[in-house]
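1. Provided below for reference: sequence and predicted model.
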Amino acid sequence: MLQFVLFTLIVVSGTGGELCVSRAMKQVGEAERFSPSAIAQFVCRALRIRWMWLGVSMMALAFFALLGALTIYNVSFVVPVTALSYGAGAIGSAVFLREHVSPTRWLGVGVVTLGVLLVFLGSK
Amino acid sequence: MKDDTAGGKPGSQPRLKTILFIAIMVVAGPLGNVLLSRGMKQVRPSLWPLDQFLATAFHIFAAPSIWMGIGSLITFFLANILVLSWVDYSFVQPASSIGYGVSALLGYIILGGRIILLRWLGIAVICTGVFIVGRTAPRTTKVLPGAPKLVEAELERS
């Protein structure tokens, strides 16, 4: 049960947090100037949106769940599970952000997930 | 349908600034992790008693690698949110996974690790996946008209 909770938090909360941040950035609008003051203003605008705070909080929760999982389980078990976030991200993008995830992009996401698993196997 | 998206029309290639900011992400993120890792390895952590904990904290924050790592991760986060303001999340997430390859290379160069063939194969597969994703339109959603006004509306609701 603990295992299920931790891995759900890592994948769902981590990806959900990034999706919320992405949604906040879509509301802020496109950044067009990149001077330090323009970036500071842009970040301040982003911080005024609730999605941003929700996203960062969910990402923090996922980070602590990852730390918790790494203290209990072997890293060789934890990291491959986190590769599921690529699939979750593509589904979340289509459902939550209304992005058009084309078959080509799905194929790319699948290939990247396979690559992440191979990189991990190669680091054991 | 008229496309007023920042990433371009469906089927178009990513713009230069998209490539540049994703490049910043894939270098700054792994570099930050490697620098933090190096900084933490220089410290012998002791969490108890309190004076040992404080000494550990002092040593951690006195290490230049830690500060450079934090700076790199802040750079990564800023590049991430900036690029998300004009490109799909479903484009950025797989595209930024090329950072796994950068991590392996930085680990090899800075930490002196060894990279086995399977890892190189994984990096090649990730690059292939990123190439495939890069062939798709970077942005498939419209720019929200009057986006800054939406920020104000969000504030009024909260």
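-> All right, it came through fine. Numbering: from 1, shown residues only, chains lettered A, B, ... in the order given.

2. what is the neighbour count of residue 97?
-> No chain was given, so I picked chain A. Neighbour count for A:Leu97, taken as other CB atoms under 10 Å in any protein chain shown: 19. From N, CA and C alone the C-beta is placed, and that goes for glycine too.

3. oops, I was thinking of chain B
-> Other residues near B:Ser97 number 24, with proximity taken as other CB under 10 Å.

4. that one is in contact with A:Leu117, isn't it?
-> No. The pair B:Ser97 / A:Leu117 is not scored as a contact, 11.5 Å apart, by CB atoms under 8 Å.

5. residues shared between the contacts of the two?
-> By the contact definition CB atoms under 8 Å, 6 or more residues apart in numbering or on different chains, B:Ser97 and A:Leu117 are jointly contacted by no residue.

6. can you give me the helices for chain B?
-> B:16-41, B:50-62, B:64-84, B:89-95, B:99-109, B:117-134, B:147-157 (DSSP state H).

7. looking at those helices, which is nearest to A:Glu18?
-> A:Glu18 lies closest to helix B:89-95 among those, at 6.6 Å (CB to CB).

8. buried ones in the lengthiest helix in chain A?
-> Residue-count comparison of every helix in chain A, with assignments taken from DSSP H, identifies helix A:50-72 as the longest. By neighbour count, and taking 16 or more other CB atoms under 10 Å in any protein chain shown as the criterion, the buried residues in helix A:50-72 are A:51-56, A:58-59, A:61-62, A:65-66, A:69.

9. what pLDDT does residue 100 get?
-> Answering for chain A, as no chain was given. The predicted local distance difference test score for A:His100 is 88.

10. you looked at the wrong chain, it should be chain B
-> B:Tyr100 carries a pLDDT value of 80.

11. quick revisit: any residue of whichever helix or strand comes after the longest helix of chain A up close to chain B?
-> Note on helix A:50-72: by DSSP states H and E, the next helix or strand toward the C-terminus is helix A:75-82. No. Under the criterion of CB under 8 Å from any CB of the partner chain, helix A:75-82 makes no contact with chain B; the nearest approach is 10.6 Å.

12. check which helices and strands helix A:75-82 sits against.
-> With contacts defined as 3 or more CB pairs under 8 Å, 6 or more residues apart in numbering or on different chains; DSSP states H and E, the secondary structure elements packing on helix A:75-82 are helix A:50-72, helix A:103-122.

13. of the ones you listed, which is nearest chain B?
-> In terms of CB to the nearest CB, the element of the helices and strands packed on helix A:75-82 nearest to chain B is helix A:103-122, at 2.8 Å.

14. show me the shaky parts of chain A.
-> For chain A, the stretches flagged by pLDDT under 70 are A:75-76, A:123-124.

15. excluding chain neighbours, what is closest to the residue nearest the centre of it?
-> Using CA atoms, centre = their mean, the residue of chain A that lies closest to the mean C-alpha position is A:Thr15, 3.2 Å off. In space, not counting the residues next to it along the chain, A:Thr15 is nearest to A:Ala88; the distance is 4.3 Å by CB to CB, 6 or more residues apart in numbering or on different chains.

16. which residues touch that neighbour?
-> Residues near A:Ala88 by CB under 8 Å, 6+ apart: A:11-12, A:15.

17. 10 Å instead?
-> Taking CB atoms under 10 Å, 6 or more residues apart in numbering or on different chains, we find A:Ala88 in contact with A:11-12, A:14-16, A:18-19, B:93.

18. and of those, the nearest to B:Asn80?
-> For B:Asn80, the nearest member of the contacts of A:Ala88 is A:Glu18. The distance, counting by CB to CB, is 8.5 Å.

19. measure that closest one to B:Tyr89 for me?
-> With distances taken as CB to CB, to the nearest Å, A:Glu18 is found 7 Å from B:Tyr89.

20. lovely, talk soon.
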